[in-house]
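Engineer: what follows is a predicted protein model with its sequence.
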Amino acid sequence: MAAPKDSGYVATGDPTKPRSDAAVPFREIVPAPDHPRIAGIQHCDAHSWCESRKKIDAPAWLINRLEAKNLEKPYKGFTTDGTVREGLYHYAGDEGAPIEKITEATTALLGLLSPGQKSSTIFESVDADEFRLWSNPELYMNPGGLRLDECGIDIQDAVHAIMKASFSSYGYEKVLGCCLTNGFLGHLVNGRKVLNEHSYNFRLFGQPDLEKPWGYTFFGHHLCLAVVLKGRRMVIGPTFMGAEPDRIDEGPHAGLRLFGTEELLSLKLMQSLSLELQEKATLSKGMDDNYLPPGRWNPFDERHLGGARQDNRVVPFEGCPVSLFAPAQQEQIITLFKAFNKYYPDESLEHRLQTFKTHLDETYFAWIGEFGDDDPFYYRIHSPVAFMEFDFHCGIFLTNTSPARCHIHTINRLPNRGDYGRALVEGSN
């Protein structure tokens, strides 16, 4: 399938103004081959690169956090005050999840696997702790399942067939776009054995079934997906999607750009708010730990609160209530929700959208950073049934030491045990 082109970007800044650091083109911050961030990567695979990073202070701290032994237990769920609100998620008997196609594609994959591959790939159920062992850095932590860049093309294609059957056509193209952009980063830093379009793990939880709960995870650098199915109902979440850089400018996929809607519509919304509402929404005009409260920023997540190993985090509502927005601005919030969730098939998305709209009066919009045309920023849309974050980051492989408008992370969670399909599986319907 051809790579998607999430274009439509029109530069709105004054070209006569000095260019901010945030707007520096990514080609100007690609590291030299001997730069400490990538030195030796051309000689490494995912395993040896992870081992090499353990010798560096910041990645060593991150690696410790991601180790399986530090998974938060028992699972409770993302909340605003430590107490799970019950009865928020209502699932219809048939929400249009293409269960037949997904089951068929998954069964086809199982037919290709050796006994050893099945043993490492199939876990008992979606309640297994391993379902929550996703992580988004390139650091190859907690091996298990199918590592696609260690598999043949038949297995790679079969795994992608499962995702293609699961998601909307737009959603699958976006997933594929994340994979291709990761491969492009590997090309930029001469580290294709570490960063490539197949440096992802697939794990299956339960057996493919038309009625009983089961699911899968697909995760790696800048792309993490948790999918749970129960009959013709599905939950996708938590998810992580990102890109460094956020576009491909050469080769067969030149023109591919990710997250245009999430980036530009949110900025337009913030700029359209009254001064009073902008002030309510703004948590901080500075984006690092010099401005943010202690513990609010860290070198792994930066401003994100919903990343890997944050399943039980308590995050109070912050920012501006969306109920204060004008109707057109509330519609922009709804459009942003759809942009974050368009990997759902259309009918399933409509059910998720109705749940979101039911709680629109309990939804908050929060912003960190300035909001000029070239400024980097963070924002969050948070309700009892939705938690969406968008953040511009410092470079990990690129050399920018402050957030730049070419390195994007997005996180999408379902608070109050919506994550990992728990509310779906545990519900009586």
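Structural biologist: Received, thanks.
Engineer: distance from the helix or strand hosting residue 48 to the middle of the chain?
Structural biologist: Assigned by DSSP states H and E, residue 48 belongs to helix 46-53. Offset of helix 46-53 from its chain centre (CA atoms, centre = their mean, to the nearest Å): 23 Å.
Engineer: over to stretch 136-154?
Structural biologist: What separates the centre of stretch 136-154 from the centre of its chain is 17 Å, taken as CA atoms, centre = their mean.
Engineer: hmm, back to that, elements contacting the helix holding residue 48?
Structural biologist: helix 57-66 (3 or more CB pairs under 8 Å, 6 or more residues apart in numbering; DSSP states H and E). For the C-beta atoms, the positions are set from N, CA and C on the backbone; glycine is no exception.
Engineer: pull the residues that contact the helix it packs on.
Structural biologist: Helix 57-66 is contacted by residues 50, 53-54, 70, 135, 137, 139, 141-142, 299-300, 308-309 when judged by CB atoms under 8 Å, 6 or more residues apart in numbering.
Engineer: which of these fall in helices?
Structural biologist: By the criterion of DSSP state H, membership of the contacts of helix 57-66 in helices covers 50, 53.
Engineer: between the contacts of helix 57-66, which is closest to residue 395?
Structural biologist: For those, the residue nearest residue 395 by CB to CB is residue 299; the value is 11.7 Å.
Engineer: so who does that closest one touch?
Structural biologist: Neighbours of residue 299 in contact, by CB under 8 Å, 6+ apart: 58, 61-62.
Engineer: pick out the lowest-pLDDT one from these.
Structural biologist: Least confident entry in the contacts of residue 299, by pLDDT: residue 58, with 74.
Engineer: how close does that residue sit to residue 300?
Structural biologist: To residue 300, residue 58 is 8 Å away according to CB to CB, to the nearest Å.
Engineer: who has more neighbours, those two?
Structural biologist: Neighbours per residue (other CB atoms under 10 Å) separate residue 58 from residue 300, with residue 300 holding more: 18 against 11.
Engineer: how many neighbours does the nearest residue to that one once chain neighbours are set aside have?
Structural biologist: Nearest residue to residue 300, sequence neighbours excluded (CB to CB, 6 or more residues apart in numbering): residue 62, at 5.0 Å. For residue 62, the count of nearby residues is 21 (other CB under 10 Å).
Engineer: cool, and residue 194?
Structural biologist: Here the number of neighbours of residue 194 (other CB under 10 Å) works out to 27.
Engineer: could I get the contacting residues of residue 397?
Structural biologist: Residues in contact with residue 397, defined by CB under 8 Å, 6+ apart, are 31, 37-38, 185, 188-189, 191, 195, 244.
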